[in-house]
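Peer 1: Show me how the following folds:
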Amino acid sequence: MPINCFGDEELAYLREVIEGQEAWRWGKSNFVPRFEESFGRHLGRKYVHAVNSGTSANETACASLGLEPGDEVIIPAVAPVFVSFPIVAIGCVPVFADVDPRTQIIDPEAIDACLTDRTRAMVVIHMYGQPAPMDDLMATARRNGLRVIEDCAQAYDACYRGRKVGTIGDVACFSMQQSKHITSGEGGMIATDDPDLYKRATEYANSGMPWYMYDLERPEAEPVNGVPTRGHFSFGHDFRFSELQGAVALAQLEKIEQFHARRRRLVEILEDELRGLPGIQLAHVYPETEPNYWFYPVRGPEKVGCVGEINYLEVEFQRMQENRRTSLGIPLPDYVQYAPGICPCAEESVKGRRNFFVHHSVEIHELQAGIDEFKECAGVC
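Peer 2: Residues are numbered from 1 along each chain as shown. A predicted model of the protein is given here:
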């Protein structure tokens with residue numbers, strides 16, 4: 001049976017918030033810190049900070065690294081634009097690396113061509129729930145002094161060589177948008193083992209105010225000319241996660257294993273239906289990985305269509321290409337290009353691709369209808 005997105009558990013926790021009459025992040029029910037601590041234990045990282053969206057989580061993760069305007073960040077060419085825009089938003093320059101066309105995951109061998117003396121970090125996306133080849137990627141990063149952000153928005157509890165994704169890079173970010181493995185409608189979080197990264201992230205998401213958890217010491221602001229200040233120690237946004245979101249997120253986390261089991265069942269049905277059909281390629285799985293699919297990617301003949309978000313082909317990146325500066329006015333070096341053809345494997349990978357939604361709320365007859373339509377379109381009925 002399908003699983004509803006929300007149920008009695010979420011309602012019970014929401015009632016507690018409403019009855020407490022405090023719905024902001026630091027409401028008396030403490031659902032936000034309870035969720036952060038629970039997720040940290042679940043994931044296996046020391047510090048977790050929840051924010052109001054997955055995009056905010058990406059931007060906060062970037063900001064946690066202490067990057068400077070004009071610094072370059074390598075990201076895969078196939079990615080939700082919610083990964084590249086946050087890099088632009090903090091004044092940095094996205095540099096697109098080509099991908100493995102089988103998975104649309106960043107190709108470790110493509111990174112060297114993107115490196116310059118301004119490269120400071122890279123973002124690895126565990127695309128569709130398939131863990132990236134982290135050993136090779138981390139070796140490249142460490143060899144070149146790069147910090148690594150793991151984007152786990154699509155890959156809760158997927159494993160690479162026995163480790164959960166999100167525990168390998170310097171900092172990880174997650175989304176809790178409606179379609180994700182767990183959801184609070186909108187929401188996101190960052191996770192790290194580095195207290196300095198956690199502190200910068202917390203300040204950035206709280207307008208520069210150091211409201212740390214985990215018993216970390218908070219600085220106190222001194223009055224200026226006898227006038228007290230609130231203590232905005234750095235630049236930041238208000239990305240705060242509310243108690244309403246925290247209540248829903250905690251209830252979701254408590255049910256995550258049920259959600260995973262349902263997703264696995266949908267994937268089994270999908271693979272049983274499509275395995276062995278001529279011209280159809282099931283999801284490519286890297287050795288020693290355990291995917292936990294958000295969407296299940298399948299490739300067939302080109303006539304089934306194209307699926308994939310190639311950021312540098314988007315309207316705003318084409319505007320940057322023409323103006324030779326980012327949306328915030330940061331100049332683009334001549335070697336940074338957002339022109340069609342710069343990542344040929346990425347552009348080829350979108351052809352003939354169909355992504356099946358395997359969310360735990362999907363009913364089997366809905367999945368079957370999608371499978372039947374795909375098979376008919378591919379000519380393999």
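
Peer 1: What residues of stretch 369-379 count as buried?
Peer 2: Buried residues in stretch 369-379, defined by neighbour count with 16 or more other Cβ atoms under 10 Å: 371, 374-375, 378. From N, CA and C alone the C-beta is placed, and that goes for glycine too.

Peer 1: Need those in JSON lines (columns: pLDDT).
Peer 2: Formatted as JSON lines, the buried residues of stretch 369-379 follow (pLDDT from 0 to 100):
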{"residue": "Ile371", "pLDDT": "96"}
{"residue": "Phe374", "pLDDT": "94"}
{"residue": "Lys375", "pLDDT": "93"}
{"residue": "Ala378", "pLDDT": "86"}
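
Peer 1: all strands of this protein, in order?
Peer 2: Along the chain, counting by DSSP state E, strands occupy 47-51, 72-76, 93-97, 99-100, 105-106, 119-125, 147-151, 159-160, 163-164, 171-175, 188-192, 289-290, 295-299, 353-357.

Peer 1: mean confidence score for the longest one?
Peer 2: Strand 119-125 shows an average pLDDT of 98 in the prediction.

Peer 1: Direction included, what does that strand pair up with?
Peer 2: strand 72-76 (parallel), strand 147-151 (parallel) (DSSP bridges).

Peer 1: Output that strand as CSV - backbone C-alpha positions only.
Peer 2: Written as CSV, here are the backbone C-alpha positions of strand 119-125 (Å, rounded to 0.1, in the frame of the first residue of the first chain):
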residue,chain,number,x,y,z
THR,A,119,39.5,27.0,-7.4
ARG,A,120,38.6,26.6,-3.8
ALA,A,121,35.8,24.0,-3.6
MET,A,122,33.7,21.5,-5.4
VAL,A,123,30.1,20.3,-5.1
VAL,A,124,29.4,16.6,-5.5
ILE,A,125,25.8,15.6,-6.1
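
Peer 1: and it with strand 171-175, angle?
Peer 2: Counting by axes from the mean of the first three to the mean of the last three Cα atoms, to 10 degrees, strand 119-125 lies at 40 degrees to strand 171-175.

Peer 1: Where does the prediction get shaky in the stretch 251-381 of the chain?
Peer 2: 381 (pLDDT under 70).

Peer 1: hmm, back to that, any chance of the strands of the chain in CSV, with distance to Phe35 too?
Peer 2: Conversion of the strands of the chain to CSV gives the following (distance: least, Cβ to Cβ, whole Å):
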stretch, distance to Phe35
strand 47-51, 6
strand 72-76, 28
strand 93-97, 31
strand 99-100, 33
strand 105-106, 29
strand 119-125, 24
strand 147-151, 20
strand 159-160, 22
strand 163-164, 17
strand 171-175, 12
strand 188-192, 8
strand 289-290, 25
strand 295-299, 25
strand 353-357, 25
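
Peer 1: now those as CSV including mean neighbour count?
Peer 2: Listed next are the strands of the chain as CSV, based on neighbours: other Cβ atoms under 10 Å:
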stretch, mean neighbour count
strand 47-51, 28
strand 72-76, 26
strand 93-97, 25
strand 99-100, 24
strand 105-106, 27
strand 119-125, 23
strand 147-151, 25
strand 159-160, 20
strand 163-164, 16
strand 171-175, 29
strand 188-192, 29
strand 289-290, 17
strand 295-299, 22
strand 353-357, 19
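
Peer 1: And those strands: which comes nearest Ile280?
Peer 2: Among the strands of the chain, the nearest to Ile280 by Cβ to Cβ is strand 295-299 (6.5 Å).

Peer 1: to the chain's geometric centre, what's the distance from that closest one?
Peer 2: 18 Å (Cα atoms, centre = their mean, to the nearest Å).

Peer 1: which strands and helices sit next to that strand?
Peer 2: helix 256-274, strand 353-357 (3 or more Cβ pairs under 8 Å, 6 or more residues apart in numbering; DSSP states H and E).

Peer 1: Buried deepest among the ones you listed, which one?
Peer 2: strand 353-357 (a mean of 19; mean count of other Cβ atoms under 10 Å).

Peer 1: Run me through the strand neighbours of it, direction for each.
Peer 2: strand 295-299 (antiparallel).

Peer 1: Next, the angle helix 256-274 makes with the strand it pairs with.
Peer 2: 20 degrees.

Peer 1: And the helices in the stretch 51-200 of the chain?
Peer 2: Secondary structure of the stretch 51-200 of the chain (DSSP state H, counting those that start in this stretch): helices at 54-64, 81-89, 134-143, 195-204.

Peer 1: what packs against the third one?
Peer 2: This points to helix 134-143. strand 119-125, strand 147-151.
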